[in-house]
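**Student:** Sequence and predicted model, in that order:
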Amino acid sequence: MTTFPSKPPHCTSAVVSSPPFIRRCSGGGVSWRSSQSRQDSATQTRRDLDEDERRLSQNAGIFHPSIWGDFFLGYSNPAALSQQQQTQMAERAGMLKEEVAEMIASSAYSGLCERLRLIDTLERLCLDHLFEEQINTALSQIETADVSDCDLGTVALWFCLLRKHRYRVSPAVFLRFKDEEGGFLADNPADLLSLYNAAHMRTHGEAILDEAILITRRRLEITLSNMEESLLAREIKSALEIPLPRRVRIYESKYYISAYEKEATVHKTVLKLAKLNSNVMQLHHQHELKIITRWWKDLQIESRLRFARDRVVECYLWILGVYFEPCYSRSRIILTMIIAIVTLLDDIYDSYATPEECELLTKCIESWDAKAAHDLPECLKFALGKILDSFRTIENMLHQEEKYRMSYLRYFIEDLVRSFNMEVKMLQDGYVPESVEEHLQVSIRTGGCPILSCASFVGMNDIATKDSFDWVSTVPNMVKALSRILRLLDDLQSYEREQLIPHVASTIDSYMKEHNVSIEVACEKIHALKEESWNDFNTEWLNPDNTYPKQLLERIFNLTRTMEFMYNQGDNSTNCPNLKDIIHLLFVESFAKAI
């Protein structure tokens, strides 16, 4: 069983002041001079800098350079609007929202299938946040609907939507669709696809959903091989890669808007609002990217820390999947900063620092005191200073009554670097954990999911209470499941690449050692363990005892979805060319004539 520290020992205070080191440095930079003479000190500094440069040159080029650089810092959207146009857009959006709200209300008098499809469409178009109250009301009514006479596609959509919204409806509704041979009665690929997607909201012990996934996947694969290119074919292909409940809606929103426009049942008002809303959100996201790029540029990663990944735009894309709505602007900026810092620390421990330097850096971060850094190379002193400066920047973004949240962040960053340091020692000793479970004791923490889960709450409004931070600091079962999913996905996608360089043992190595099996068998079993972890996650998502607000729990669900995307076909957080098109689509391309 994986164990974690139960609670940050320093999280009892309502307001946490800045660490002494940060207060001392508030007037300027950090002085690293010793008590030696200026001349000796200058000579030693030159030697240190020369050695730094030699090591940086030796380690440069491990990762490909940034694809985007300063692009978003100076980017001017050609679709940017004048003040008058913005006013017109707001007025137009208000009118369209009223019309769509009336559609949702009047759908209560329509058939169940039509009502379900409207809600599903609004969610896939990323419009649901505009109608949260109306959709919640509709779902509470839909939960009690009689689906005994509905077709398979409608029942599957009903089941999937309700479980996505934390209604624990029974999978027994699918029993009447079983045939005598154990298969499922489905007349068309669309119904099969709906069942396949719905079944991925399964929990442990739901055998009918396990069977549904196995059977429908085989049938969909055969169907797809014989289909001509079409919207349905693309939907099937996407679902076979990542099932719909695990996909990140904002990443697909623009494609779905274009696809929805071609549907015979398209609602013109919904389509117009979707395009308008997409353009409005894009303007928000471009502004945030400018802020994030400026912060990252000030860190001087490209020039001073050339061994590290320069991936801040990709980090922002990652976090956009956690929350895309304009109201979460501060949250996105803070969480992007944290994931970028986690990535930098990962590269320091994994690609640059010696074991002795890792030990020293860990102590510096645990104490939040620069005094222990005098034996570190200059570039690591520089990195430490920038990390501490960034935490001060985040703290300044919080209101006075929210500053207690920083103690939780500090707790998790300390736990993270301790775990990184443990992995360094494992690599140094050539140690392969005896079992996957032993491996996960450390490796689910080095994936960074516990700190990202906590950090996803930090920028939110007062819905994120001290009680919710105490809860997330225990690394509850939902976060453990997220962490396992990431670790297993990462190991599956990076195993071949890591064989080419010295690397810490993966869960695949541990499984082979534990069971004396081949790589192929181990990979199959690790994939199965990943699916079991998804069942764990869904169980916690639907757990009625988990009474924390859905707005908070959904951040953790969305983090899990982004992991599936980022590690679907390789490690996209390291090798980013696969992300170039989606970044351009979301942050550069806009819909013409959306007003």
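**Tutor:** Cool, got the structure.

**Student:** Please write out the alpha-carbon positions of stretch 583-595 in CSV.
**Tutor:** C-alpha atoms of stretch 583-595 as CSV (Å, rounded to 0.1, in the frame of the first residue of the first chain):
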residue,chain,number,x,y,z
ILE,A,583,-1.4,24.9,-30.2
HIS,A,584,-1.8,26.8,-33.5
LEU,A,585,-5.4,25.8,-33.8
LEU,A,586,-6.3,26.8,-30.3
PHE,A,587,-4.2,29.9,-29.8
VAL,A,588,-3.8,31.4,-33.3
GLU,A,589,-6.6,30.3,-35.6
SER,A,590,-10.0,31.9,-35.0
PHE,A,591,-13.5,31.7,-36.5
ALA,A,592,-14.2,34.4,-39.1
LYS,A,593,-17.3,36.5,-38.9
ALA,A,594,-18.3,35.2,-35.5
ILE,A,595,-20.0,38.4,-34.3
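
**Student:** Could you report the pLDDT at Cys11?
**Tutor:** At Cys11, the model reports a pLDDT of 40.

**Student:** likewise Arg46?
**Tutor:** Here, the pLDDT recorded for Arg46 equals 59.

**Student:** what do you get for Ser41?
**Tutor:** We note a pLDDT of 52 for Ser41 in this prediction.

**Student:** buried stuff in stretch 97-112?
**Tutor:** Applying a neighbour-count criterion of 16 or more other Cβ atoms under 10 Å, the buried positions in stretch 97-112 are Lys97, Val100, Met103, Ile104, Ser107, Leu112. C-beta coordinates here come from the backbone N, C-alpha and C atoms, glycine included.

**Student:** any chance of these in a markdown table, plus distance to His515 and pLDDT?
**Tutor:** Shown next, in a markdown table, are the buried residues of stretch 97-112 (distance: Cβ to Cβ, whole Å; pLDDT from 0 to 100):
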| residue | distance to His515 | pLDDT |
| --- | --- | --- |
| Lys97 | 56 | 96 |
| Val100 | 55 | 97 |
| Met103 | 56 | 95 |
| Ile104 | 53 | 95 |
| Ser107 | 53 | 90 |
| Leu112 | 48 | 94 |
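
**Student:** So which of the residues you listed are in helices?
**Tutor:** Of the buried residues of stretch 97-112, the ones assigned to helices by DSSP state H are Lys97, Val100, Met103, Ile104, Leu112.

**Student:** which residues of the stretch 51-200 of the chain score low on pLDDT?
**Tutor:** For the stretch 51-200 of the chain, applying pLDDT under 70 flags the ranges 51-61, 79-81.

**Student:** What of the stretch 351-500 of the chain?
**Tutor:** By pLDDT under 70, the low-scoring segments of the stretch 351-500 of the chain are 500.

**Student:** For it, which segments are assigned as helices?
**Tutor:** Ranges of helices within the stretch 351-500 of the chain are 355-367, 378-396, 405-429, 436-446, 449-458, 466-473, 477-498, based on DSSP state H, counting those that start in this stretch.

**Student:** so can I have TSV of these showing distance to Glu123?
**Tutor:** Shown next, in TSV, are the helices of the stretch 351-500 of the chain (distance: least, Cβ to Cβ, whole Å):
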stretch	distance to Glu123
helix 355-367	40
helix 378-396	31
helix 405-429	30
helix 436-446	30
helix 449-458	20
helix 466-473	25
helix 477-498	21
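
**Student:** Compare the ones you listed and report which one is nearest to Lys297.
**Tutor:** Closest of the helices of the stretch 351-500 of the chain to Lys297 is helix 378-396, at 11.6 Å (criterion: Cβ to Cβ).

**Student:** now the angle between helix 355-367 and the closest one, please.
**Tutor:** For helix 378-396 against helix 355-367, the angle by axes from the mean of the first three to the mean of the last three Cα atoms, to 10 degrees is 20 degrees.

**Student:** got the angle between helix 378-396 and helix 449-458?
**Tutor:** Helix 378-396 and helix 449-458 are oriented at 40 degrees to each other (the same axes, to 10 degrees).

**Student:** Render the CA-only coordinates of helix 378-396 in CSV, please.
**Tutor:** Extracted C-alpha coordinates of helix 378-396, given in CSV (Å, rounded to 0.1, in the frame of the first residue of the first chain):
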residue,chain,number,x,y,z
GLU,A,378,26.4,28.7,-10.2
CYS,A,379,23.7,27.6,-12.6
LEU,A,380,22.0,25.6,-9.8
LYS,A,381,22.2,28.6,-7.4
PHE,A,382,20.7,30.6,-10.2
ALA,A,383,17.9,28.1,-10.7
LEU,A,384,17.2,27.9,-7.0
GLY,A,385,16.9,31.7,-6.8
LYS,A,386,14.5,31.8,-9.8
ILE,A,387,12.3,29.0,-8.2
LEU,A,388,12.1,30.9,-4.9
ASP,A,389,11.3,34.1,-6.8
SER,A,390,8.5,32.3,-8.7
PHE,A,391,7.0,31.1,-5.4
ARG,A,392,7.0,34.7,-4.2
THR,A,393,5.3,35.8,-7.4
ILE,A,394,2.6,33.2,-6.9
GLU,A,395,2.1,34.3,-3.3
ASN,A,396,1.7,37.9,-4.4
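
**Student:** I'd assumed Ile508 was in contact with Ile519.
**Tutor:** Yes - the pair Ile519 and Ile508 passes the contact test of Cβ atoms under 8 Å, sitting 6.8 Å apart.

**Student:** higher neighbour count, those two?
**Tutor:** Ile508 (21 against 14; other Cβ atoms under 10 Å).

**Student:** Could you confirm the more buried one falls within a strand?
**Tutor:** No - going by DSSP: H, G, I helix; E, B strand; the rest coil, the assignment for Ile508 is helix, not a strand.

**Student:** okay, the helices of the stretch 351-500 of the chain, which one's buried deepest?
**Tutor:** Stretch with highest mean neighbour count among the helices of the stretch 351-500 of the chain: helix 449-458 (a mean of 25; mean count of other Cβ atoms under 10 Å).

**Student:** report the angle between the axes of that helix and helix 466-473?
**Tutor:** Using the same axes, to 10 degrees: helix 449-458 against helix 466-473 is 160 degrees.

**Student:** Which strands or helices does helix 449-458 pack on?
**Tutor:** On a contact count with 3 or more Cβ pairs under 8 Å, 6 or more residues apart in numbering; DSSP states H and E, helix 449-458 meets helix 329-347, helix 405-429, helix 466-473, helix 477-498, helix 550-566.

**Student:** Pull the residues that contact it.
**Tutor:** Contact with helix 449-458 is made by 4, 322-323, 331, 334-335, 338-339, 342, 394, 398, 405-406, 408-409, 412-413, 415-416, 464, 468-469, 472-473, 475, 479, 482-483, 486, 552, 555-556, 559, as judged by Cβ atoms under 8 Å, 6 or more residues apart in numbering.
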